[in-house]
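**Student:** mind looking at a prediction? Sequence and model below.
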Amino acid sequence: MSYTGYLELRAERNSERTVIKDTYHYGAFKVARPIYMTPESPFVYMLHVGGGYVSGDKYKTMITVEKNAQLTATTQSATKVYKTPNAAVLQETCITLEEQSIMEYIPDPLILYENAAFVQEITVHMAENAALFMCDSITPGWSPDGQLFQYTSMRSKLKLYVKKAAEGIRSLILEARKPSARHDENGRVYSFWIDYYCSSKRRRRIYSESTSAVRRGRL
């Protein structure tokens, strides 16, 4: 498959700290040089060099954190999805965490503008003693004239595998134009925020709480 933007990144632990071992990217995706905010763990900015996502775009990111390594990854700015009259924007993220690895994945908010449709799938493969913290935020765009400014739909799926065994699947579907969507007193659709934490010792309890909150409409 040809992608609008593609990025591969691998982090490994050497004798003193985690280093970025390999990177590969093409199209609209790039990665900045790592910043060490702590002596042992790099902080990496993933970059989108275009102005935003448009109809028919396809993106893929693959991140591997090797044994005993630590990594924090984020984006340079909010991800903006504009009108998609012909086809939804597709984004796929694959994260692999080896033994005793730790990763924080904290992208900036996803902003869906008028008539935007977005589909994302996040697949996580992790060792039993690895840890992952993720934060995913979604919000509609704004209208300068104060009129209703609603995206079409947002579909997100998280698939979690521990030692190659399926541990859970979280699906989220938001359709702002449906009567069931929540609105404020001005008729605008509420912003949504979802975060979840997965780790070897606590993954079952925390993961089930997050998915239950979505089903009950608390997010």
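**Tutor:** That came through fine. Here the structure is a predicted model, which is why all the values come from computation and not from measurement.

**Student:** CA-only coordinates of stretch 121-130 in CSV, if you can.
**Tutor:** These are the backbone C-alpha positions of stretch 121-130, laid out as CSV (Å, rounded to 0.1, in the frame of the first residue of the first chain):
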residue,chain,number,x,y,z
GLU,A,121,-6.4,1.8,14.3
ILE,A,122,-3.8,1.4,17.0
THR,A,123,-2.2,-2.1,17.5
VAL,A,124,-0.1,-2.7,20.5
HIS,A,125,2.1,-5.8,21.0
MET,A,126,3.8,-5.8,24.4
ALA,A,127,5.7,-8.2,26.6
GLU,A,128,4.1,-9.2,29.9
ASN,A,129,6.5,-7.0,31.9
ALA,A,130,6.4,-4.0,29.6
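
**Student:** tally up the residues packed near Tyr59, please.
**Tutor:** The criterion is other Cβ atoms under 10 Å. On that basis, Tyr59 has 21 neighbouring residues. Glycine gets a C-beta too; all of them are placed from N, C-alpha and C.

**Student:** wait, isn't it in contact with Met1?
**Tutor:** No - checked against Cβ atoms under 8 Å, the pair Tyr59 and Met1 is beyond contact range at 10.9 Å.

**Student:** in a strand, that's where Tyr6 is, yeah?
**Tutor:** Yes - counting by DSSP: H, G, I helix; E, B strand; the rest coil, Tyr6 is part of a strand.

**Student:** low-confidence ranges in this structure?
**Tutor:** Applying pLDDT under 70 to the predicted model, the residue ranges of the chain that meet it are 143, 146-149, 176-219.
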